[in-house]
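Participant: give the three-dimensional model of this entry:
(2 chains)
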Amino acid sequence: MNRLSRALVVAAALAVATMLVTPLWTVHLGAPQYPEGLGMTIHINTVRGASEFDLMKINQLNHYIGMKVISPDAIPELKVMPWIVAALAVAGLAVAAMGRRRWLMVWLGAFALFGAVGIADFWRWEYDYGHDLDFENAIIKVPGMTYQPPLIGTKQLLNFTATSWPSTGAIAAGLAILLGAAALVVSAPRAPRRRTKTLGVEHMTAAGTDAHRTVGA
Amino acid sequence: MSSRLSRTSVVAGVAFAAAASLIYACASQRPATSDLVSTDVASKVYVAPGSYDEFYAFLSGGFSGQLAVYGLPSGRLLKVIPVFSQNPENGYGYNEETKDMLKTTFGNVPWDDTHHPELSQTNGVPDGRWIFINGNNTPRVARVDLTSFETSEILQIPNAAGGHASPFSTPDTKYIVSATRFSVPVPNTDVAIDSYKQNFKGTLSFITADQPGKMDIAFQILMPGYNYDLGHAGKGPSEGWFFFTSYNSEQANTKLEENASKNDKDYIAAVNYRRAEACVAEGKAKTQPASYQHNFINESSGTTTSELKTSVRMLDPKACDGLVYYLPTPKSPHGVDIDPSGQYIVAGGKLASVIPVHSFAKFEKAIADKAFETTIDGIPVIKYDASLAGEVQKPGLGPLHTEFDGKGYAYTSMFISSEVVKWKLGTWEVVDRIPTYYSIGHLMIPGGDSKQPWGKYLVAMNKITKDRYLPTGPEMAQSAQLFDISGDKMKLLLDFPTIGEPHYAQALPASLIKDKSVKFRKLAENTHTWVTKAESEGSIVRKGKRVDVKMLAIRSHFAPDNLEGAQVGDTVYFHVTNVEQDWDILHGFAVLGANTSELILAPGETRTLKWTPTAPGVYPFYCTDFCSALHQEMQGYIRVSPSGSNVPLVANISKRSQAQLSAAAAEKAKTHEEHEKTEKARDRK
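Facilitator: Next up, the predicted model:
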């Protein structure tokens, strides 16, 4: 791996590390009675109200529809995830130090897998909270109505408009993938002949020279 | 048949003509206000739905004893703040937490007459920390906190009757004042009323006001037995002085209407309060016994602390020279108002044909030159011409109060000629006048008595309403009127009705306070003895004949909501805590047959309702403030058994409290387990 690709991997690892300190996802809830809105932010290790008492208010409202209490303590993943992310960040730095492209591929694959699983898990929790309702004690029962908030985008849940968007942490994770992928591209060995044929001589020469120069360096 | 028909038509025709002439007469009698209202006024007072007013205005509630908050320019009523009167609407003065706010040395005084709101100031400009207001009947002053819009402190004034010249503030709110409308024997004793001249005295009280919860009387000044009417502090060059009007220098004790209107001039008392401080420091004040109550709210528990004070420092002008001077002023002066520069002292001589204006610089020179006409009880009387800056000639009839726009103009209310007169400071010429409907008392410009008026609007507070609104029987709402004073000519914009009878008012830009408004109180910081922070903490306990119920309110239930074991002869205290931590989610609490008001519970707040059941039975209680979709389900029952019954005390356990209790138990077990683990580990070592 050349210097540029190592730098890109370091940047990717730092981007991963920012997931530890920034919110990953936001869910905003607006209703006629809540012109100021309510919100939740999902962090790598916890779920918080957008402002001090928002989570309390959301849980208070959710009791009407029989939703379980949203409590970070009830979500075991939140205890494990920070360690995985920290490990991935450290591993990223190690890959940059070792400079082995193969390890970069493994790291990138692992991180992408982690991201995919993470999003799927988030969706699963949303599904769980939205569907696993205490129908026996729910005060408001609307036949066929479930309350799963959207993963991305906007959805009407009774009087509330729920809007979910990735936040800084998730954007940083996406950036980490892009940076890792860029590092892979930059550190790619000389372009195979097959490509040169399709791309033309001029390009081949340029690419070849470039690759040669960087490898030499 | 035909003759009857024609007779009917004749009668009808006459009736019509009479009605028409009546209508015509009415139309011609009514002042053509439409001519006085310019065409674009609607847009000037229209505040679109959801938009905010530019100013908060605080109008005294007069004989309602309260303080009303309006938005300007819309004239919309935003809130009535209970101050000196019990307010069943939210339980102020009724519930156990606030009832002692109305405690005095005369016991609980559940009503008063509020006259003059006064905003706290920094450097002579309203700062929006607090607003003070006086109780006129049983002299008291109150502090209203402008983060909560709630009364937070009340101080009774001893040696006083009729706390009218109150609670005007010094430019730094170090002091607010209270002077006596009625002179009385000091200390009050049983004497013949016609011994007035020998025995009756006035007092001027200076009250420290810049520390919430610590209002106290710094000193009182013993004055000749006149009626002290209004006051204002000096500012700029005159800072350090306080000016009070007085009338009844005749010292009449009966038929004041005539007997107190004989002298051509009465007095403005100019008090050098820095000199007073020096005299107090030199020990020239006499500490004398006095009995007065001081009540204030403890912010974290929401309960009242009430303390009896037992002495006061009294200063006699005879023992402290240079403390007070009298400025002769025509005639029975009412208002005394200091212009924004602090140079001019304007008096509203209510029976005078001119508006006299004293110059502070000339007043100081007169003192230096000893230009005195006489001395009354150790108080030098300055020669009228020595301090006079000028007189506004032919201003109208019955000048009462003056406010300033900060652009060199003064506006004086004219009670008898029912108008506002605008005149120029320095030249004393009248430049504009506009009628009011009817008989204006006070007027108010936002910041108009301060160093920095926001001279855009003027509010007239009228004493007579008559035909201004749809009739509502013999008692009509009082009328306030809003004028645009941004141009050369005053323009009438709006009439709006008010509560009680507003006397004075204050206003300031909304931006100075609106963002500091408390949305709810933090439950975690609630230190009330009987707070219930979680459903698992709800309970009913007995101590002799006293039964205490700890209960919380949350959408949409009370917990506990079924109570048994109370008996006839018990006094039951419902301590209800609203555990919501959300803006404008209030709950109420009322129980059948209570001899007191309901409770209104702001989020995070605990309030207590005292209930004495008189007959066995089951009594419902319910939420009175529509809180949620299931508000109508927010109710419960208390069972009352005959005295001596063996029905046990029971407060039912809710589902949530069960969950809370089991979670607490699990937590306890966990910590116990961990504790054992560490013990074992230590043993292993």
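Participant: how about the contacts made by the closest residue to residue B:602 other than its chain neighbours?
Facilitator: Residue nearest to residue B:602 in three dimensions, not counting chain neighbours: residue B:586, with 5.9 Å by C-beta to C-beta, 6 or more residues apart in numbering or on different chains. Using the backbone N, CA and C atoms, a C-beta is placed for each residue, glycine as well. By C-beta atoms under 8 Å, 6 or more residues apart in numbering or on different chains, the residues touching residue B:586 are B:578, B:600-603, B:625, B:627.
Participant: what do you get for residue B:350?
Facilitator: Residue B:350 touches B:331-334, B:398-400, B:415, counting by C-beta under 8 Å, 6+ apart.
Participant: change it to 6 Å
Facilitator: B:332, B:334, B:398, B:400 (C-beta atoms under 6 Å, 6 or more residues apart in numbering or on different chains).
Participant: so what strands line up beside the helix or strand encompassing the second one?
Facilitator: When elements are assigned from DSSP states H and E, residue B:334 belongs to strand B:333-338. Applying DSSP bridges to the sheet, strand B:333-338 is found paired with strand B:344-349 (antiparallel).
Participant: buried ones in the partner strand?
Facilitator: B:344-349 (16 or more other C-beta atoms under 10 Å in any protein chain shown).
Participant: what's in contact with whichever strand or helix holds residue B:479?
Facilitator: Residue B:479 is located in strand B:478-484, with elements delineated by DSSP H and E. Outside strand B:478-484, the residues that touch it by C-beta under 6 Å, 6+ apart are B:73, B:436, B:457-462, B:465, B:468, B:490-496, B:498, B:501.
Participant: quick one: strands adjacent to it?
Facilitator: Assessed with DSSP bridges, strand B:478-484 is paired to strand B:457-462 (antiparallel), strand B:491-498 (antiparallel).
Participant: contact partners for residue B:459?
Facilitator: B:444, B:480, B:482.
Participant: thought residue B:110 was touching residue B:87?
Facilitator: No. Residue B:110 is beyond contact range of residue B:87, at 9.7 Å (criterion: C-beta atoms under 6 Å).
Participant: of the two, who's got more company?
Facilitator: Using other C-beta atoms under 10 Å in any protein chain shown as the criterion, residue B:110 and residue B:87 rank with residue B:87 on top: 21 against 14.
Participant: mean confidence score for stretch B:252-266?
Facilitator: The predicted model assigns stretch B:252-266 a mean pLDDT of 93.
Participant: can you list contacts of it?
Facilitator: With contact meaning C-beta under 6 Å, 6+ apart, stretch B:252-266 is reached by B:193, B:196, B:246-250, B:328-333.
Participant: repeat that with 10 Å
Facilitator: By C-beta atoms under 10 Å, 6 or more residues apart in numbering or on different chains, the list of residues contacting stretch B:252-266 from outside reads B:183, B:192-197, B:200, B:225-227, B:229, B:245-251, B:326-333, B:347, B:349-352, B:356, B:381, B:384.
Participant: list the buried residues of it.
Facilitator: For stretch B:252-266, using 16+ other C-beta under 10 Å, the buried residues are B:252-253, B:260-261, B:265-266.
Participant: out of the residues you listed, the closest to chain A would be?
Facilitator: residue B:266 (55.7 Å; C-beta to the nearest C-beta).
Participant: now do the contacts for the nearest residue to residue B:44 once chain neighbours are set aside.
Facilitator: Counting by C-beta to C-beta, 6+ apart, the nearest residue to residue B:44 once its immediate chain neighbours are dropped is residue B:493, at 5.5 Å. Counting by C-beta under 10 Å, 6+ apart, residue B:493 touches B:37-38, B:40-42, B:44-45, B:72-73, B:75, B:457-458, B:481-484.
Participant: on that earlier part again, need the contacts of residue B:586 in JSON lines with neighbour count, pLDDT and secondary structure, can you?
Facilitator: Shown next, in JSON lines, are those (neighbours: other C-beta atoms under 10 Å in any protein chain shown; pLDDT from 0 to 100; DSSP: H, G, I helix; E, B strand; the rest coil):
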{"residue": "B:578", "neighbour count": "32", "pLDDT": "98", "secondary structure": "strand"}
{"residue": "B:600", "neighbour count": "22", "pLDDT": "98", "secondary structure": "strand"}
{"residue": "B:601", "neighbour count": "28", "pLDDT": "98", "secondary structure": "strand"}
{"residue": "B:602", "neighbour count": "21", "pLDDT": "97", "secondary structure": "coil"}
{"residue": "B:603", "neighbour count": "24", "pLDDT": "97", "secondary structure": "coil"}
{"residue": "B:625", "neighbour count": "20", "pLDDT": "97", "secondary structure": "coil"}
{"residue": "B:627", "neighbour count": "21", "pLDDT": "94", "secondary structure": "coil"}
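Participant: strands along the stretch 351-500 of chain B, start to end?
Facilitator: Along the stretch 351-500 of chain B, the segments classed as strands by DSSP state E, counting those that start in this stretch run B:354-359, B:372-376, B:379-382, B:388-393, B:399-404, B:409-414, B:419-424, B:430-435, B:440-444, B:457-462, B:478-484, B:491-498.
Participant: how about those in TSV, adding mean pLDDT?
Facilitator: As requested, those are exported to TSV (pLDDT from 0 to 100):
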stretch	mean pLDDT
strand B:354-359	97
strand B:372-376	97
strand B:379-382	98
strand B:388-393	97
strand B:399-404	98
strand B:409-414	98
strand B:419-424	98
strand B:430-435	98
strand B:440-444	98
strand B:457-462	98
strand B:478-484	96
strand B:491-498	96
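Participant: of all the ones you listed, which one is nearest residue A:59?
Facilitator: strand B:491-498 (43.0 Å; C-beta to C-beta).
Participant: show me which residues of chain B sit near chain A.
Facilitator: Residues of chain B lying close to chain A by C-beta under 10 Å from any C-beta of the partner chain are B:50, B:519-520, B:522-523, B:554-556, B:579-585, B:603-604, B:628-630, B:633, B:655-656, B:659, B:663.
Participant: can you select the buried ones from the residues you listed in ChimeraX?
Facilitator: Entered in ChimeraX, the line below selects the buried ones among the residues of chain B next to chain A, by 16+ other C-beta under 10 Å:
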select /B:520,523,554,555,556,579,580,581,582,585,603,604,628,656
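Participant: just checking, which of the residues of chain B next to chain A belong to helices?
Facilitator: B:655-656, B:659, B:663 (DSSP state H).
Participant: nearest to residue B:56, of those residues?
Facilitator: residue B:656 (40.1 Å).
Participant: got a list of what that closest one touches?
Facilitator: Residue B:656 neighbours (C-beta under 10 Å, 6+ apart): A:63, A:69, B:534-536, B:552, B:554, B:557, B:559.
Participant: rerun at 8 Å
Facilitator: So residue B:656 contacts B:535, B:559 (C-beta under 8 Å, 6+ apart).
Participant: what mean pLDDT does stretch B:580-595 get?
Facilitator: pLDDT averaged over stretch B:580-595 gives 96.
Participant: quick one: name the residues of chain A near chain B.
Facilitator: A:36, A:52-53, A:56-57, A:60, A:64, A:137, A:139-140 (C-beta under 8 Å from any C-beta of the partner chain).
Participant: follow-up on the earlier one: and the contacts of residue B:586 as a markdown table, adding distance to residue B:94?
Facilitator: Output for those, formatted as a markdown table (distance: C-beta to C-beta, whole Å):
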| residue | distance to residue B:94 |
| --- | --- |
| B:578 | 17 |
| B:600 | 11 |
| B:601 | 14 |
| B:602 | 16 |
| B:603 | 20 |
| B:625 | 16 |
| B:627 | 21 |
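Participant: distance of residue A:12 relative to residue A:100?
Facilitator: 15 Å (C-beta to C-beta, to the nearest Å).
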